[in-house]
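Asker: quick one: sequence and predicted model below, then my questions.
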Amino acid sequence: MNPMISIIVPFYNAERFLYDCINSIKAQTYQDFEVILVDDGSTDGSLQVLEKCIAGDSRFYIRHQENHGVSAARNVGIKYAKGDYLCFIDADDQVLSSYLIDLFQAIGPADSSMCGYKKIDMLSHEEFEIIPVRKTETLEESLLGFYSSTFSDWQRYLWNRMFKKCIIDKYHLRFNENISYKEDGLFVIQYLCASNGLVSCVDKVLYEYYRNSTGAMSKTWHAFDPSIISNLEAHKLIKKELENKGVSDFILAKAEEQAKAACNWIHQIILQTNSFHLASLIRIEKIMISILGLKKYFYWRTSQFFKLFR
């Protein structure tokens, strides 16, 4: 009997995408799986679409919760997952038919496996592929990739990975429900640090990531949502996790640089949306001080100030 793989699909008002997503899962060549569909309080026709898609297929079942966010929805999925392995698929994305079998065959003695993906921008119609460059990665290599300006995009995602449920259970790993942005990267870092961090890579595209106007990242540029500051909270928790793991100073410096970049990105959104909330600005600076320490923070802000006059 083959090991069971649990697939967790959180969804909220995803009626436009669920049919294609579910059918791509049904088409898997590896058939020993269950799918936990977690409804995060949808108010559209998502449930009606699902009822048609999964009718008669006992491998699919739905769990319901009030609208508490994607982290809470994923935690519900973890709670009910019965599989030996876990995968996370977003409701507006699709997977290739060998997604499960290739990730499963690759994982072996490693702690997780990871594949390439295709990013499809539904607004610009641009497409590009990102494929892992190594066959295996140690913890240090994974962290270097996570903070690489070239490859960090694919390193931080959940959906191009397969996780071992025993590691998640052993270390009581869950998504932080207070984090609305970068909750996926935080979980990945916590998983890598809790385990030995060994990742086995599949050097081909198995996941199709569709970026559309309804996504959280697309909405941020139209109206400032204070919850986006949780992105910096995630960076704060990530750095703490890395410090506890005893990683190199080089990795810690990279983590700080990415936190700075995230801070600048949030400030750009505040400027573009004309959202000058004093409380939010103070909160941002307090988090950055906790990440960098007062001395580094002062040096960073001072250097940014003098750049304005160059």
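Answerer: Structure's in. What do you need? Just so it is clear, the structure is predicted and the values come from calculations on it, not from any experiment.
Asker: what about the helices in this protein?
Answerer: Here the chain has its helices, by DSSP state H, at 18-26, 46-54, 70-80, 99-107, 139-146, 152-155, 165-170, 183-194, 216-219, 230-245, 249-272, 278-292, 294-307.
Asker: to Asp93, which of those lies closest?
Answerer: Among those, the nearest to Asp93 by CB to CB is helix 18-26 (6.3 Å). C-beta here means a position set from N, CA and C on the backbone, and glycine is covered the same way.
Asker: from the chain's centroid, how far away is the closest one?
Answerer: How far helix 18-26 lies from its chain's middle: 20 Å, per CA atoms, centre = their mean, to the nearest Å.
Asker: and the helices of the chain as CSV, adding distance to Val133?
Answerer: As requested, those are arranged in CSV below (distance: least, CB to CB, whole Å):
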stretch, distance to Val133
helix 18-26, 26
helix 46-54, 36
helix 70-80, 28
helix 99-107, 15
helix 139-146, 8
helix 152-155, 10
helix 165-170, 24
helix 183-194, 18
helix 216-219, 25
helix 230-245, 22
helix 249-272, 18
helix 278-292, 29
helix 294-307, 31
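Asker: could you dump the ones you listed to TSV with distance to Lys118, mean neighbour count and mean pLDDT?
Answerer: Output for the helices of the chain, formatted as TSV (distance: least, CB to CB, whole Å; neighbours: other CB atoms under 10 Å; pLDDT from 0 to 100):
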stretch	distance to Lys118	mean neighbour count	mean pLDDT
helix 18-26	13	19	97
helix 46-54	23	17	94
helix 70-80	22	20	97
helix 99-107	12	21	97
helix 139-146	19	20	82
helix 152-155	11	19	51
helix 165-170	27	14	97
helix 183-194	18	22	94
helix 216-219	17	12	52
helix 230-245	25	19	95
helix 249-272	24	16	91
helix 278-292	33	15	93
helix 294-307	36	11	87
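Asker: Leu206 is nearest to which of those?
Answerer: Per CB to CB, nearest to Leu206 of these: helix 99-107, 4.4 Å.
Asker: which residues touch that closest one?
Answerer: Contact with helix 99-107 is made by 3, 5, 7, 28-30, 33, 85, 87, 113-115, 161-162, 164, 200-202, 204, 206-207, as judged by CB atoms under 8 Å, 6 or more residues apart in numbering.
Asker: and stretch 179-186, by the same measure?
Answerer: With CB under 8 Å, 6+ apart as the contact definition, stretch 179-186 has outside contacts at 69-71, 146, 156-158, 175-176, 216, 227-228, 230-231, 233-235, 237-238, 262.
Asker: alpha carbons of it, as PDB, please.
Answerer: C-alpha atoms of stretch 179-186 as PDB (Å, rounded to 0.1, in the frame of the first residue of the first chain):
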ATOM      1  CA  ILE A 179       0.600  36.900  10.300                       C
ATOM      2  CA  SER A 180      -1.300  37.800   7.100                       C
ATOM      3  CA  TYR A 181       1.700  38.400   4.800                       C
ATOM      4  CA  LYS A 182       4.700  36.100   4.400                       C
ATOM      5  CA  GLU A 183       3.100  33.500   6.600                       C
ATOM      6  CA  ASP A 184       4.300  30.900   4.000                       C
ATOM      7  CA  GLY A 185       7.900  31.900   4.200                       C
ATOM      8  CA  LEU A 186       7.800  31.900   8.000                       C
END
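Asker: so for stretch 115-132, what gets flagged as buried?
Answerer: 115-120, 130-132 (16 or more other CB atoms under 10 Å).
Asker: which one among those gets closest to Thr43?
Answerer: Of all these, Thr43 sits closest to Ile120, with 26.4 Å by CB to CB.
Asker: who does that closest one form a beta bridge with?
Answerer: Glu127, Tyr210 (DSSP bridges).
Asker: OK, contacts around it?
Answerer: Residues in contact with Ile120 (CB under 8 Å, 6+ apart) are 126-127, 208-211.
Asker: tell me the two of these that are most distant?
Answerer: Using CB to CB, those reach their maximum pairwise distance at Glu126 and Glu208, which is 13.6 Å.
Asker: can you go through the contacts of helix 99-107 and name the buried ones?
Answerer: Burial by neighbour count, judged by 16+ other CB under 10 Å, picks out 5, 7, 28, 30, 33, 85, 87, 113-115, 161-162, 164, 200-202, 206-207 from the contacts of helix 99-107.
Asker: before we move on, back to that, nearest to Arg63, out of the helices of the chain?
Answerer: Once those are compared by CB to CB, helix 70-80 is nearest, at 5.3 Å.
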